[in-house]
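coordinates only, sequence not included:
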Ligand SMILES: Cc1cc2nc3c(=O)[nH]c(=O)nc-3n(C[C@H](O)[C@H](O)[C@H](O)COP(=O)(O)OP(=O)(O)OC[C@H]3O[C@@H](n4cnc5c(N)ncnc54)[C@H](O)[C@@H]3O)c2cc1C
């Protein structure tokens, strides 16, 4: 059988392109993780570099919009590649007052580079092993710290030429004209003080760019009036046992990874994302991985895995279920509210499609079999009343309206939003490494 060949730079560039010269990194893809966003940033930087070198298109003045992990990886990749190109300059715009604001200080969230791909081979490897802004599994706050430190090292090593890199923070206004590739903004230019930034006075300005790269993430998570759910990366105490001996009721609405992680935290005693797979499967882990890898239902497949999990319940999942049964939290009563957009979720098996990682689906299935939570498919208000849950204990995990978020960056949101909708359907930005090994110079080799 012939193996599919890797796409070349032009094909990769096209998959990120909104209009000529304007690109978006990953925001419209499904199953986005920190690692996959970084891989996409490497892929796009490599494609732009190859196209620039072959003189098909000069990248010239570049704007990177968003200073989260994807934006920082993008900027660092570009710095290392275009350092010596006289006509290249990079401007990074971050709306917050510091870089990587989401994960900074996020102590209750654990992140791992590839566990999302479990049980694929290598998915438990702790290191991202990326050429630019590398990190290893840990609390999100530690990962953010590592990424920011790495960014500083790339910045110091490669942005020595005057004017090569500028960073604007604290945006008061920001708008892109996609026809002219022109950005207007009010923000603070910065100067570097080691890893930190000093702010200049705010300035209102506009400039034309040759290349604009949107790394502005997904937008604010959808919130419902009356249910003040903390955004995913903010710290809270859901994973801690109550101290007053009381039992508390919670309702989680949603069935993406954000909802299912919180389901685990609220139902499993001493739950830790970094150890759960080892604790559940122990010596059988390799066997379980091999079994699920072999099935056509493995990760990457869009098929619903409910039947597969049912069929595995008495075999490879048997011991894990018994272990889980022994460690259900006694201080919580949890309802999983499944309704979905347009009331699409009408039965439990529906959520075993591709909306979440395979590992989360496995644990959710086992929790269900252990009777760890109640289910409700009704209207949210009614479900909350039925299960007698305090509004503060309702967690709405609905993701964000990303097309609207990206559209809001533009003078004319409509035409670009149509293109964003198409990109959302197409899912063309591969999370696989496509660049040629050795492409990115490392600061230690300078
Ligand atoms: C609910 C939820 C759960 C998740 N769980 C995980 C997980 O467990 N593990 C994992 O690896 N990943 C997870 N992710 C994905 C993870 O959040 C992203 O992969 C990661 O934050 C890096 O993505 P990013 O840099 O593209 O976007 P972001 O981190 O969102 O960064 C975007 C940046 O752009 C800035 N910005 C926004 N608008 C503008 C503007 N107009 N101008 C300038 N700057 C702007 C923002 O302030 C932000 O700094 C989760 C995402 C969500 C929504």
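Done, it's in. Note that the coordinates shown come from a computational prediction; the quantities given were computed from them, not determined experimentally.

Only C-alpha atoms from now on, for both contacts and neighbour counts.
OK.

right, and residue 106 touches residue 140 too?
Yes: the criterion here is Cα atoms under 8 Å, and residue 106 meets it with residue 140 at 5.4 Å.

who does residue 410 bridge with?
Taking DSSP bridges as the rule, residue 410 bridges to residue 176.

what's the burial count for it?
Residues near residue 410, counting by other Cα atoms under 10 Å, number 18.

ditto for the one 3 residues further on
Around residue 413 there are 18 other residues, counting by other Cα under 10 Å.

OK, contacts around it?
residue 407 (Cα atoms under 8 Å, 6 or more residues apart in numbering).

And stretch 325-342, end to end?
Distance across stretch 325-342, first residue to last, is 34 Å (Cα to Cα, to the nearest Å).

quick one: contacts of that stretch?
By Cα under 8 Å, 6+ apart, stretch 325-342 touches 241-242, 245-255, 263, 266-269, 345-346, 348, 367, 370, 372-380, 383, 387.

From these, list just the buried residues.
241, 249-255, 263, 266-269, 345, 348, 367, 370, 372-373, 375-377, 380, 383, 387 (16 or more other Cα atoms under 10 Å).

Now, those that are in helices?
263, 266-267, 367, 380, 383 (DSSP state H).

now, the most widely separated pair of these?
Using Cα to Cα, the two most remote members of those are 367 and 380, lying 21.9 Å apart.

With residue 68 as the reference, measure out to residue 101.
In terms of Cα to Cα, residue 101 sits 7 Å off from residue 68.

With neighbour numbers in mind, choose between the two.
Higher neighbour count among residue 101 and residue 68: residue 68, with 24 against 17, using other Cα under 10 Å.

What strand or helix carries the residue nearest to that one when sequence neighbours are not counted?
Using Cα to Cα, 6 or more residues apart in numbering and skipping the chain neighbours, the partner closest in space to residue 68 is residue 100 (4.2 Å). Of the helices and strands defined by DSSP states H and E, none includes residue 100.

again with residue 51
helix 34-53.

Summarise which helices and strands that helix is packed against.
On a contact count with 3 or more Cα pairs under 8 Å, 6 or more residues apart in numbering; DSSP states H and E, helix 34-53 meets helix 9-16, helix 69-82.

report the angle between the axes of the first one and helix 34-53?
Angle between the axes of helix 9-16 and helix 34-53 is 130 degrees (criterion: axes from the mean of the first three to the mean of the last three Cα atoms, to 10 degrees).

Ok, the last one next?
Here the directions of helix 69-82 and helix 34-53 differ by 30 degrees (the same axes, to 10 degrees).

so what pLDDT did residue 298 get?
Here, the pLDDT recorded for residue 298 equals 50.

same thing with residue 134?
pLDDT, residue 134: 98.

Now do the contacts for it.
Counting by Cα under 8 Å, 6+ apart, residue 134 has contacts 127-128, 146-147, 150.

Filter the residues you listed down to the buried ones.
Using 16+ other Cα under 10 Å, the buried ones in those are 128, 146-147, 150.

Can you flag which of the residues you listed belong to helices?
Short answer: these in helices (DSSP H) are 146-147, 150.

Just give me the closest of the residues you listed to residue 409.
residue 147 (25.8 Å).

Identify the residue nearest the closest one in space, chain neighbours excluded?
Leaving aside its chain neighbours, residue 147 sits nearest to residue 133 (5.5 Å; criterion: Cα to Cα, 6+ apart).

and the one you found, how many neighbours does it have?
25.

same thing with residue 161?
11.

mind checking pLDDT for it?
93.

sorry, back to before: could you redo the ones in helices among the buried ones among the contacts of residue 134 as JSON lines and give each row pLDDT?
Listed next are those as JSON lines, based on pLDDT from 0 to 100:
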{"residue": "146", "pLDDT": "98"}
{"residue": "147", "pLDDT": "98"}
{"residue": "150", "pLDDT": "98"}
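
next helix or strand past the helix holding residue 51?
With DSSP H and E setting the assignment, the helix or strand that follows helix 34-53 is strand 61-65.

quick one: that following strand near the ligand?
Yes: interface with the ligand: strand 61-65 contributes residue 65 (Cα under 6 Å from any ligand atom).

That strand pairs with which strands?
By DSSP bridges, strand 61-65 pairs with strand 89-93 (parallel), strand 211-214 (parallel).

got CSV for those strands, with mean pLDDT, distance to residue 401 and mean neighbour count too?
CSV is the format used below for those (pLDDT from 0 to 100; distance: least, Cα to Cα, whole Å; neighbours: other Cα atoms under 10 Å):
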stretch, mean pLDDT, distance to residue 401, mean neighbour count
strand 89-93, 98, 21, 23
strand 211-214, 98, 16, 24
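
closest one to the ligand among those strands?
Smallest distance to the ligand across those (Cα to the nearest ligand atom): 5.0 Å, for strand 89-93.

ok, and does that closest one reach over to the ligand?
Yes: part of strand 89-93 sits near the ligand under the criterion Cα under 6 Å from any ligand atom, namely residue 93.

what comes into contact with that strand?
60-67, 71, 75, 79, 163-169, 171.

Would you map the helices across the stretch 151-300 of the chain?
257-267, 276-281, 285-294 (DSSP state H, counting those that start in this stretch).

Run through the residues that contact the residue nearest to residue 189 when sequence neighbours are not counted.
Counting by Cα to Cα, 6+ apart, residue 189 lies nearest to residue 168, which is 4.5 Å off, once chain neighbours are set aside. Contacts for residue 168 (Cα under 8 Å, 6+ apart) come out as 91-94, 187-190.

so what's residue 168 scoring on pLDDT?
98.

Distance of it relative to the ligand?
9 Å (Cα to the nearest ligand atom, to the nearest Å).

in the sheet, who's paired with that residue?
Assigned bridge partners for residue 168, using DSSP bridges, are residue 93, residue 189.

Use 4 as the first number for this chain going forward.
With the count now opening at 4, the last piece we talked about shows up as residue 171.

Looking at the stretch 254-403 of the chain, which residue is nearest the ligand?
residue 261 (4.6 Å).

which of the residues in stretch 309-329 are buried?
Buried, per 16+ other Cα under 10 Å, within stretch 309-329: 309, 312, 316, 319-320, 322-324, 327-328.

Stretch 152-165 now?
Neighbour counts over stretch 152-165 (16+ other Cα under 10 Å) mark 152-158, 160-162 as buried.

Need the contact partners of that stretch.
75-76, 79, 82-83, 86, 135-137, 168, 197-198, 445-446, 449.

List only those of the residues you listed flagged as buried.
Taking 16+ other Cα under 10 Å as the criterion, what is buried in the contacts of stretch 152-165 is 75-76, 79, 82-83, 86, 135-137, 168, 445.

Which pLDDT value goes with the nearest residue to residue 437 once chain neighbours are set aside?
Excluding its sequence neighbours, the residue lying closest to residue 437 (Cα to Cα, 6+ apart) is residue 46, at 5.8 Å. We note a pLDDT of 98 for residue 46 in this prediction.

And residue 448, by the same measure?
84.

ok, how many other residues are close to it?
Count around residue 448 with other Cα under 10 Å applied: 6.
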